[in-house]
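*Asks:* can't give you the sequence, but here's the structure:
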Ligand SMILES: [Mg+2]
């Protein structure tokens, strides 16, 4: 049995109608692994997400840099509300899908430049998500400076068409209009999220937009791990997130 005092530093819901929960996936619900395609959401986490989604009357969404298609695969058989590619795509629990049309020309120019760079630099991996690109260097951390230099130069060449966003061992290239904060604001416009207290949980730089969005709405922001952050509180690791979600579920099913 989890001791409630363990989470005295982190908020817990007191009733089912109180919270709208927004969760990042990689590094939050699952540990980071060597390659994004090797990520696996463990069974207990899927059970918790399902339990919370039902208990919160559907006010739980996964907000990730991954594509919606990829999120569906990782979270199957659950059908949760999803914001993919930092909000460029959105899918509601009833499978209604909307997306922002990306700048295909700028993306193609970036893809060509980065494919060439990846070929010349062992250990790098370029992920094409459709509306965005992600250059991963978790298997070549010594190339961090070269990756940042290359992507900054590319951003300048693109002249504002796309922006780069640095994360943990990854640099993403995407539209400037999408971020996790806007994805949260978008969900909060309608049921079942509207009127609830938003809570955002994430581990990386791109989650800072989500933290700022919920802070502005008097919600709770929870950062996983170390590093500077606008978040109001912290959990140590995905393992601790699991324990915290278990406690959240107990609170909202008890009331
Ligand atoms: Mg993450």
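*Replies:* Everything's here; your move. Remember, predicted model here, so these are calculated numbers, not experimental data.
*Asks:* State the distance from residue 79 to residue 204.
*Replies:* 25 Å (C-beta to C-beta, to the nearest Å). Every residue, glycine included, has its C-beta placed from N, CA and C.
*Asks:* ok, these two, which is more surrounded?
*Replies:* residue 204 (24 against 15; other C-beta atoms under 10 Å).
*Asks:* which residues touch the more buried one?
*Replies:* Each residue near residue 204 by C-beta atoms under 8 Å, 6 or more residues apart in numbering is listed here: 24, 26, 27, 167, 168.
*Asks:* and the third one, how many neighbours?
*Replies:* Right, the one you point to is residue 27. Residues contacting residue 27 under the criterion other C-beta under 10 Å number 21.
*Asks:* and what of the fourth one?
*Replies:* For residue 167, the count of nearby residues is 17 (other C-beta under 10 Å).
*Asks:* Can you read off the pLDDT for residue 16?
*Replies:* Per-residue pLDDT puts residue 16 at 90.
*Asks:* what does the protein put close to the ion?
*Replies:* 24, 26, 27, 203, 204 (C-beta under 5 Å from the ion).
*Asks:* Just the closest of those residues to residue 91, please.
*Replies:* When the residues of the chain next to the ion are compared for distance to residue 91 (C-beta to C-beta), residue 24 wins out at 16.2 Å.
*Asks:* my read: the closest one touches residue 61, true?
*Replies:* No. Contact criterion C-beta atoms under 8 Å: residue 24 and residue 61 do not qualify, at 10.6 Å.
*Asks:* Take the residues of the chain next to the ion and lay them out in CSV including pLDDT and secondary structure.
*Replies:* Output for the residues of the chain next to the ion, formatted as CSV (pLDDT from 0 to 100; DSSP: H, G, I helix; E, B strand; the rest coil):
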residue, pLDDT, secondary structure
24, 98, coil
26, 95, strand
27, 96, coil
203, 97, coil
204, 93, coil
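*Asks:* And the helices in this structure?
*Replies:* 43-55, 68-75, 104-120, 144-158, 180-187, 208-216, 238-254 (DSSP state H).
*Asks:* Find the residue closest to residue 63 in space, skipping its chain neighbours.
*Replies:* Sequence neighbours aside, residue 83 is the residue nearest to residue 63 in space, at 4.4 Å (criterion: C-beta to C-beta, 6 or more residues apart in numbering).
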